[in-house]
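Chemist: Quick check, what structure comes out for this input:
(one chain, ligands or ions: 1)
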Amino acid sequence: MSRHPELARRALLSAGLAVTAAGALGAPAFAAGSRSARGGLAAPSISGTGAWDARSANGSIDVLDSKPSKIIVHHTATANSSDTSQSHAFALSRQIQDYHMDSNGWIDTGQNFTNSRGGHLTEGRHKSLAALQGGSQHVLGAHAGEQNDVALGIENEGTYTDASVPDALWESLVELCSYMVSQYGIEAGAIYGHRDFMATACPGDVLYARLPDLRSAVGSATGSVVVQPVVWPLVRPGATGPVVSALQLLLRAWGAGGVVVNGVFDAVTGDAVGRFRRKRGAPGASCYASRVAEPDVFGGSDWARLAPVLGVDASGDAVQAVQVLLTARGVRSGEQDRFGVRTAGSVREFQAARGLRVSGVCDHETWLRLLG
Ligand SMILES: [Zn+2]
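Modeler: Take a look at the predicted model:
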């Protein structure tokens, strides 16, 4: 923050943020939360586990001596309740904890924090609030498989497959994420949806589509530059296009020879996806939304498990998947069924255009850019 009040004020105005009377007098305040005494964003109101009468955890909570590097947004896949009261938010927190402990057999609530449709924030897993306030530790949750040790999880009440996001929930989500970014030094661009890492539709198409706006709002509130991330795509029954063709080719390369490469996510493709996920032990969705079975969606880390690293002399269906995607991205690859010098040259061209290390080898970073 600039020490010069006029510069600070102009910076705020240019960022499109409200400047209060206090700001005009030289102590700028951010629209999404004022500054605390030590310079970070002031904390939004978050009710701890004691306030909502949480049960004790069934085991010891892991408090890691490391900062989380990302935030993962979920939806609860529960009803879009019109009850915006705090008592309802507390009841929801108890309901989720009961489900996670009694049905999933977890030691405590899975996510670190919960956000209600009324905009009431609560602590999820015990000790998460103290860790966030301290800004140097992270509570290991259970909400996103392999990401749990580096990612904070926020469950947002509701089902956002096609319903719009309530303003109150949105504002508290921006405030909570901004505070997390401020406390831990997380990149504002490192706010993700559950589906970016696992094969699930969570947090719903509507809330997911607002994540770029969320990152921008958090970037504005914290004064940080936002780089929108490249992520693995989610594909579902009925999806069409080159990404589906690539999936079909990769499934064939893995051993699902019955899959026909037609660019349409059909029933045969869905069956092969289900078999792949069972055989490769790909972790299922682990958030509250996991009560909804999603056996035939494909996304997140499934891609990294399915797509092999390919270089010169590789051949077969996986090579054709690379070529289909290169063509779809506007890079002609020439050869069919074989990773020759022309395909390697096309991969290098694509890598250079996307700012990747230019190797001519289709590694996971390259697959991510080809698919994302
Ligand atoms: Zn989720």
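Chemist: quick one, helices of the stretch 151-300 of the chain?
Modeler: Under the criterion DSSP state H, counting those that start in this stretch, the stretch 151-300 of the chain contains helices at 167-184, 205-209, 211-222, 242-254, 267-279.
Chemist: closest to the ion out of these?
Modeler: helix 205-209 (10.4 Å; C-beta to the ion). Using the backbone N, CA and C atoms, a C-beta is placed for each residue, glycine as well.
Chemist: So for that closest one, what gets flagged as buried?
Modeler: 206-208 (16 or more other C-beta atoms under 10 Å).
Chemist: what does stretch 248-260 give?
Modeler: 248-254, 256, 259.
Chemist: End to end on that stretch, go ahead and measure it.
Modeler: 7 Å (C-alpha to C-alpha, to the nearest Å).
Chemist: What lies in contact with it?
Modeler: Identification of contacts with stretch 248-260 by C-beta atoms under 8 Å, 6 or more residues apart in numbering yields 261-263, 266, 268-269, 272-273, 275-276, 306-308, 316-318, 320-321, 324.
Chemist: Mind giving me the PyMOL command for buried ones among those residues?
Modeler: Here is the PyMOL command that selects the buried residues among these (16+ other C-beta under 10 Å):
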select buried, resi 261+263+266+268+269+272+273+276+306+307+308+317+318+320+321+324
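Chemist: With pLDDT and distance to the ion added, can I get the buried residues of helix 205-209 in JSON lines?
Modeler: Formatted as JSON lines, these follow (pLDDT from 0 to 100; distance: C-beta to the ion, whole Å):
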{"residue": "206", "pLDDT": "98", "distance to the ion": "14"}
{"residue": "207", "pLDDT": "98", "distance to the ion": "10"}
{"residue": "208", "pLDDT": "98", "distance to the ion": "10"}
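Chemist: The closest residue to residue 239 other than its chain neighbours: what's it in contact with?
Modeler: Using C-beta to C-beta, 6 or more residues apart in numbering and skipping residues adjacent in sequence, the residue nearest residue 239 is residue 265, 4.3 Å away. With contact taken as C-beta under 8 Å, 6+ apart, residue 265 is in contact with 235-240, 244, 247.
Chemist: Buried ones from those residues, can you make that a PyMOL selection?
Modeler: Here is the PyMOL command that selects the buried residues among the contacts of residue 265 (16+ other C-beta under 10 Å):
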select buried, resi 235+236+239+244+247
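Chemist: mind giving me a markdown table with the contacts of residue 265 and columns for pLDDT and distance to the ion?
Modeler: Compiled in a markdown table, these are given as follows (pLDDT from 0 to 100; distance: C-beta to the ion, whole Å):
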| residue | pLDDT | distance to the ion |
| --- | --- | --- |
| 235 | 95 | 17 |
| 236 | 93 | 16 |
| 237 | 94 | 20 |
| 238 | 93 | 21 |
| 239 | 96 | 20 |
| 240 | 97 | 25 |
| 244 | 98 | 23 |
| 247 | 98 | 22 |
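Chemist: mind checking which of the helices of the stretch 151-300 of the chain is nearest residue 121?
Modeler: Among those, the nearest to residue 121 by C-beta to C-beta is helix 167-184 (5.5 Å).
Chemist: Mind listing what's buried along that closest one?
Modeler: In helix 167-184, counting by 16+ other C-beta under 10 Å, buried: 169-170, 172-184.
Chemist: Please tell me how far residue 152 sits from residue 68.
Modeler: 5 Å (C-beta to C-beta, to the nearest Å).
Chemist: and these two? which has more neighbours close in?
Modeler: Using other C-beta atoms under 10 Å as the criterion, residue 152 and residue 68 rank with residue 152 on top: 31 against 27.
Chemist: Check the more buried one and give its pLDDT.
Modeler: With respect to pLDDT, residue 152 scores 98.
Chemist: Quick check: neighbours shared by residue 152 and residue 68?
Modeler: Common neighbours of residue 152 and residue 68 (C-beta under 8 Å, 6+ apart) are 138, 180.
Chemist: and the angle from the helix or strand hosting residue 72 to helix 167-184?
Modeler: Here residue 72 is covered by strand 70-75, with elements defined by DSSP states H and E. Strand 70-75 and helix 167-184 are oriented at 160 degrees to each other (axes from the mean of the first three to the mean of the last three C-alpha atoms, to 10 degrees).
Chemist: who in the stretch 1-150 of the chain is up against the ion?
Modeler: Residues of the stretch 1-150 of the chain lying close to the ion by C-beta under 5 Å from the ion are residue 74.
Chemist: other SSEs contacting the helix or strand that the strand holding residue 72 is followed by?
Modeler: As assigned by DSSP H and E, the chain's next helix or strand after strand 70-75 is helix 86-98. Applying 3 or more C-beta pairs under 8 Å, 6 or more residues apart in numbering; DSSP states H and E, one finds that helix 86-98 contacts strand 46-47, strand 113-115, strand 121-123.
Chemist: which one of these is the most hemmed in?
Modeler: strand 113-115 (a mean of 30; mean count of other C-beta atoms under 10 Å).
Chemist: Residue 121 contacts residue 113, correct?
Modeler: Yes. Residue 121 lies in contact with residue 113 (C-beta atoms under 8 Å); the separation is 6.3 Å.
Chemist: Give me the common contacts of the two.
Modeler: What both residue 121 and residue 113 touch, as defined by C-beta under 8 Å, 6+ apart, is the set 46, 176.
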